[in-house]
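[1] My questions are about this predicted structure, shown below with the sequence.
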Amino acid sequence: MKEKLNQYHIAILIYMTQSGIVIFSLPRLVAENFGTNGWYVLVIISLLVTCNIFLMQLVYRFGKGSSVFDILEQRIPLAVLSPIYILLALFWAYLGCLVGKQYILILQMLAFPTTNPMVFKFIFDFMALILISKQIYNITKAATVFFYLTIWMVFVFFFHFPEFSWLRLTPFIGYGGIGGLESWLEIYIAFLGYEVCLFLIPYVPEKTKVFKAVYIGNFFLTFIYLFICVIGFGFFSFGQLTNLVYPLLDMLAYLQLPFIERIENFLFTLFLFKVLMTTVIYFWIAKITLSRVFRKVKSTWLDLSVVVVSYGLSLIPQVISEVERLLRMLGYTQIVIVYVFPLLLLAVIALNRMSNRRRENPS
Amino acid sequence: MNTQQPTPVQQTLEQFMDCDDLIYRTYPVIQTELIFFGNLVDYQQINRDVIDPLNHVRMEEVPALLQQSQFEQETDVAKVIEGIAEGNAAVFHQGLMFLANVYGPEHRNVEKSETETAISGPHDAFVEAIETNLSLIRKRVRSPRLKAVRLHVGEIMKSTVYVLFIDGLADPDIVNEMVNRIRDIEIDGLIDANLLVQCIDDNPDSIFPQFLTTERPDVVTSKLLDGKVCCLIDSSPTAIAAPTNFFEFFSSPDDYYQRWILGSGVRILRFVAFIITVSFTALYVSVTTFHYEMIPYPLLLNLAESRNKVPFPPLFEALLMETTIELLREAGARLPAKIGQTIGIVGGIVIGQAAVQAGLTSNILIIAVASSAIASFVIPSYIMSASIRMIRFGLIVLAGVWGMLGLMVGLGLIVIHLTGLKNLETSYLTPVAPMKMSDWKDTFIRGPLWSSKTRPSQARSKNIHRNKMRK
């Protein structure tokens, strides 16, 4: 009666990992970097992500469902890999942790201006610790429930339709913004998180079409991003969009119901679950990476060390601009990793195959 | 040295020394002895099957009499002693031992359930006699495929437990898992089915009930038809059903006895009640402590007016009223029904009204607390309802300390906890996680019969189709 990961849950997990706090500033980021009707870049970036996922699918196919760590360790000695593993684990843990810190700082700004944000960060990390101490199957189940608790928020944006004007979308594309490499990378960061699929491979039954679920998760995210950005471009003028730090928060604040106002307080807090999933998944990747180095250490200690070390590191950036700058730096590095890592794995698989062939046919 | 072995009768009497309720009769003419517990047997049956024949039989006819089907020969004295304790009558004749099953102690008649009332549908409920309970199920499921595996639990009590399932519908792995778990129980005795479930729970430290318990034979029958496994234990009016999930505790047999649209409406109402009972008071505390800006201006004026006399912070105010409500509930449950009603009136009206007038609490909090309490009673399972009420206190404290974030943290922790729960190795959050969309139409709503053609996936039944109804 062993529990298995199925496609549906993988798709949700991918979506929940990818989507995060960046959605609140995404319409501004797109407007700033790509000008009027900048939302179209989301489609292009989504296609780039699809190509990257295809690279990872090749790793799955040629690696015959082996764990990425097993593939690496077949060719490279563990002694060489260990420091790299530790560095990567630290990097992923810090990335996950900063996503959480960014959320906490915005929340503090909105509702608790006098409270020390690290108190909230402590509670947040405590939840993350409980979740990573469970198996990936349970994490996925939690992601599914959190998905249902948050996905209905999309329908809130239908309330903005009366104020939506096609005129604001303008017939011009790219007016007011220049899309340099940094602009593309900045938007690409919003899509990160799908790389978790590489680490899920050993936990997926052979018959499950894991990558189909990953593509679906990514397309769903693209749809949500497009929906939010198009609504944002039609709701605000271009000038407003580029001036608002978190346009989505302002859109939510616009809503007024007879029994509740300032609904963004509630909805932004509900976003905790999405951010938690992103953090947890990066923590989980860090943990399984560390477990390859410290094989005899109990899983509980690894969970605790990942959370405690990243909590300690998260004390460094004090204000939100520092966190966002750091997150951008880490995000750029992660983009490099998500392309280099599967290529490296494919190279190792190819080398392994060649040496196997040589062994079979020594002549 | 006298090495003569004690006779089986002597051994039996020695074991039951100081049991003054034991009845020991001798029939010297026919050299026969009879031992039984008078309070465990059915007097009509023992007179008809054992005492009358022994009174009228001649010495040479005794062996023929003991060949009759009501007598079962035993060779082991220990078995005979066990049999007497279980309500059999033991007959000893010239070194031979026989047991006659004349078990039939006094028990309550089959009546309505007090904890699981239903407006329509059958009203009979289980009693404290396992054979009567089994008969209530057998008379509904008149099929040889209804299997009842008898087990005994408790080193001292040796209570009878029946594991019930329908052959061909229940998953053999789940049946075996249930049987093995019950066999593995090492305890002196189990008084009730609610204790039995605590011995076989996957997560004994969880606040949530992990086995569905019911006093209604119609519910057990429907679970058996779902392909699930049920258990009855002696001296308990409660049956257990497994595997179960969190959402199953929100369904009531009434849902199925009404038109499906009405049943669905009521089912949805219960989930709304769940949200209200979990979050309403906590939301009040959170909003009045940290997020005043969320209240629209006209409502804010009323709230401010209502709260201006209250000297306590909202957290303390809410905890005070919630505790009062819990005290009233507990007092109402413990007192006799007539006095219980008085307590309700005294507590609900007098204390509630007086608390507001004395400035201890606000009107709006009274509404919030009362709505939460009423909503908690909408949940059909008393145990689940009690668990949820307990959780509410935690959420109120979190909301009082960290506002909306605290409330979300609390909800998140509940979800994380629920994802880790299992019942007989199946997920407690089925059919949400793992996702089984086909089960949703009999989970969140009570779908029409023509659409609910399959058994719940959690039961893992090989025979998945339950009806061939057409629209």
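    Nice, I can see it. Residues are numbered from 1 along each chain as shown, chains lettered A, B, ... in the order given.

[2] Let me see the ranges of the strands in chain B.
    Applying DSSP state E to chain B gives strands spanning B:22-27, B:32-37, B:71-74, B:88-93, B:96-101, B:146-153, B:159-166, B:212-214, B:229-233, B:239-242, B:422-423, B:426-427.

[3] which parts of the stretch 301-450 of chain B sit against chain A?
    Contacts of the stretch 301-450 of chain B with chain A, taken as C-beta under 8 Å from any C-beta of the partner chain, map to B:402-405, B:407-409, B:411-413, B:415-416, B:418-420, B:425-427, B:429, B:432-435. C-betas here are computed from N, CA, C, even on glycine.

[4] Can you tell me which of these are buried?
    Neighbour counting over those (16 or more other C-beta atoms under 10 Å in any protein chain shown) leaves B:402-405, B:407-409, B:411-413, B:415-416, B:418-420, B:426-427, B:429, B:432-435 as the buried ones.

[5] how many neighbours does the closest residue to chain A within the stretch 51-200 of chain B have?
    Chain A sits closest to B:D173 of the stretch 51-200 of chain B, with a gap of 6.6 Å, by C-beta to the nearest C-beta. Number of residues near B:D173 (other C-beta atoms under 10 Å in any protein chain shown) recorded here: 12.

[6] per-residue confidence for it?
    Looking at B:D173, its pLDDT stands at 93.

[7] ok, back up a step: so which of the residues of the stretch 301-450 of chain B next to chain A belong to helices?
    If you go by DSSP state H, these have B:402-405, B:407-409, B:411-413, B:415-416, B:418-420 in helices.

[8] For those residues, name the two members farthest from one another.
    Across those, no pair lies farther apart than B:G403 and B:G420, at 26.9 Å, counting by C-beta to C-beta.

[9] In terms of helices and strands, where is the residue of the stretch 201-350 of chain A at minimum distance from chain B?
    Using C-beta to the nearest C-beta, the single residue of the stretch 201-350 of chain A nearest to chain B is A:T269, 4.3 Å away. Using DSSP states H and E, A:T269 maps to helix A:264-270.

[10] Mean confidence (pLDDT) on the following helix or strand past that helix, please.
    Following helix A:264-270 in sequence order, the next helix or strand is helix A:272-293 (DSSP H and E). What helix A:272-293 shows for mean pLDDT is 95.

[11] What's the local residue count around residue 196?
    Picking chain A for this. A:V196: 22 neighbours (other C-beta under 10 Å).

[12] looking at chain B here, not the other one
    Neighbours around B:L196, by other C-beta under 10 Å: 27.

[13] With B:M321 instead?
    Close neighbours of B:M321, defined as other C-beta under 10 Å, add up to 24.

[14] tell me the contacts of the residue nearest to it when sequence neighbours are not counted?
    Nearest non-adjacent residue to B:M321, counting by C-beta to C-beta, 6 or more residues apart in numbering or on different chains: B:V369, 4.5 Å away. With contact taken as C-beta atoms under 8 Å, 6 or more residues apart in numbering or on different chains, B:V369 is in contact with B:281, B:318, B:321-322, B:325.

[15] Out of those residues, which sit inside helices?
    B:281, B:318, B:321-322, B:325.

[16] And those residues, which two are furthest apart?
    B:A318 and B:I325 (10.5 Å).

[17] Now stretch B:346-357: buried residues?
    By neighbour count, with 16+ other C-beta under 10 Å as the criterion, the buried positions of stretch B:346-357 are B:347-348, B:351-352, B:355-356.

[18] and of those, the nearest to chain A?
    The nearest member of the buried residues of stretch B:346-357 to chain A, counting by C-beta to the nearest C-beta, is B:V356 at 21.5 Å.

[19] Thought B:A370 was touching that closest one, still the case?
    No: B:V356 is not in contact with B:A370 according to C-beta atoms under 8 Å; the separation is 11.8 Å.

[20] Show me the helices in the stretch 151-300 of chain B, by range?
    For the stretch 151-300 of chain B, applying DSSP state H, counting those that start in this stretch gives helices covering B:172-183, B:193-200, B:217-225, B:253-257, B:260-289, B:297-307.

[21] Mind checking which residue lies nearest the centre of chain B?
    For chain B, the residue nearest the mean C-alpha position is B:T213 (3.0 Å; C-alpha atoms, centre = their mean).

[22] Quick check, it in contact with B:D192.
    No: at 9.5 Å, B:T213 does not count as touching B:D192 under the criterion of C-beta under 8 Å.

[23] any shared contact partners between these two?
    Listed as contacting both B:T213 and B:D192 by C-beta under 8 Å, 6+ apart are B:T238.

[24] Look up the pLDDT of the closest residue to B:A368 other than its chain neighbours for me, please.
    What sits nearest to B:A368 in space, not counting adjacent residues and going by C-beta to C-beta, 6+ apart, is B:Y284, at 4.4 Å. pLDDT, B:Y284: 92.

[25] Ok, the one 5 residues further on next?
    Confidence at B:T289, expressed as pLDDT, is 90.

[26] In contact with the closest residue in space to it that isn't next to it in sequence, which residues are there?
    Spatial nearest neighbour of B:T289, chain neighbours left out: B:P314 (5.0 Å); criterion: C-beta to C-beta, 6+ apart. Residues near B:P314 by C-beta under 8 Å, 6+ apart: B:284-285, B:288-289, B:307, B:365, B:400.

[27] Show me which pair in these is furthest apart.
    Spanning the widest gap among these are B:R307 and B:G400, at 14.6 Å by C-beta to C-beta.

[28] Neighbour count for those two, which is higher?
    Each of B:R307 and B:G400 has its neighbours counted (other C-beta under 10 Å); B:G400 has more, 23 against 18.

[29] Run a quick neighbour tally on the residue nearest to that one when sequence neighbours are not counted.
    Nearest non-adjacent residue to B:G400, counting by C-beta to C-beta, 6+ apart: B:L315, 2.9 Å away. Look at B:L315: counted by other C-beta under 10 Å, it has 19 neighbours.

[30] circling back to that earlier point, can you tell me which of the ones in helices among the contacts of B:V369 is nearest B:P53?
    Top of the list for closeness to B:P53, among the ones in helices among the contacts of B:V369 and by C-beta to C-beta, is B:I325 at 62.5 Å.

[31] I'd like to know how many residues surround the closest one.
    23.

[32] if I read this right, it contacts B:I374, doesn't it?
    No: applying C-beta under 8 Å, one finds B:I325 not in contact with B:I374, separated by 10.0 Å.
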